[in-house]
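Colleague: Show me how the following folds:
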Amino acid sequence: MWGTEWPRYEVIKQDTPASPPQMVGSVHAADPEHALLIARHVFVRRPAAYALFVAPAEAFFHVTQEGLRDPKALEGPLGEEEAYWVFAKRSHRRSMVYGDLVGRFPARSPGEAVGQALLQAQGVAFWAVPERVVVGTEPKEEVVESWFAPAKEKTYRLQSYYGLISAKGVEE
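Modeller: Presented below is the predicted three-dimensional model:
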């Protein structure tokens, strides 16, 4: 029997040229290009964005702070050296999981890339993904304008702006 869900893609958003790319959530899509379009509608409807990237969720290696206590957590089969994007979750306080890009590291395994990232950053969890599977918008001015400018004109209001609906009408 065929599955009823499209594959899951992790979404990485960069708000400005100076800000680091950040993992912001995930979407289900038929392919990476479709995932980018869905991610644009879900994560860039109103907030600003400079670039948007997606990668298949199954391509991510993940290790928690507890897992890092095990010396074998970062071991794994070694392959050809390639670039990995490594993200770190900084805190447990947020209800959503956000991972900030620590950097791009040449390594022979995702665990080796996380080991290199640990020399530069701290976090309560780390993710590594091969750069070759990351697909994104090009941060060129014409791409930024066509993909993200329409969102700048949309008014954003918090849910509390609209008041509560009761049996007697809208309450302030």
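Colleague: Report the secondary structure state of residue 75.
Modeller: coil (DSSP: H, G, I helix; E, B strand; the rest coil).
Colleague: Can you tell me the element the residue lying closest to it once chain neighbours are set aside falls in?
Modeller: Once flanking residues are discounted, residue 75 sits nearest to residue 111: 6.0 Å by C-beta to C-beta, 6 or more residues apart in numbering. Bear in mind the C-beta positions are built from the backbone N, C-alpha and C, glycine included. Counting by DSSP states H and E, the element that carries residue 111 is helix 110-118.
Colleague: which strands and helices sit next to that helix?
Modeller: In terms of contacts (3 or more C-beta pairs under 8 Å, 6 or more residues apart in numbering; DSSP states H and E), helix 110-118 is packed against strand 61-64, strand 82-89, strand 99-107, strand 125-130.
Colleague: Could I get these in JSON lines, plus columns for distance to residue 117, mean pLDDT and mean neighbour count?
Modeller: Output for the helices and strands packed on helix 110-118, formatted as JSON lines (distance: least, C-beta to C-beta, whole Å; pLDDT from 0 to 100; neighbours: other C-beta atoms under 10 Å):
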{"stretch": "strand 61-64", "distance to residue 117": "10", "mean pLDDT": "92", "mean neighbour count": "17"}
{"stretch": "strand 82-89", "distance to residue 117": "4", "mean pLDDT": "95", "mean neighbour count": "22"}
{"stretch": "strand 99-107", "distance to residue 117": "4", "mean pLDDT": "95", "mean neighbour count": "19"}
{"stretch": "strand 125-130", "distance to residue 117": "6", "mean pLDDT": "94", "mean neighbour count": "24"}
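Colleague: so which of the ones you listed gets nearest residue 30?
Modeller: strand 125-130 (19.7 Å; C-beta to C-beta).
Colleague: Any idea how far the helix or strand that that closest one is followed by is from the middle of the chain?
Modeller: For strand 125-130, the succeeding helix or strand toward the C-terminus, using DSSP H and E, is strand 135-136. Between the centre of strand 135-136 and the centre of its host chain there is 11 Å, according to C-alpha atoms, centre = their mean, to the nearest Å.
Colleague: How about residues contacting strand 135-136?
Modeller: Here strand 135-136 makes contact (C-beta atoms under 8 Å, 6 or more residues apart in numbering) with 12, 32, 33, 35, 36, 51, 52, 53, 54, 55.
Colleague: picking up where we left off before, so who does the residue nearest to residue 75 touch?
Modeller: With the criterion set at C-beta under 8 Å, 6+ apart, residue 111 makes contact with 61, 63, 73, 74, 75, 76, 128.
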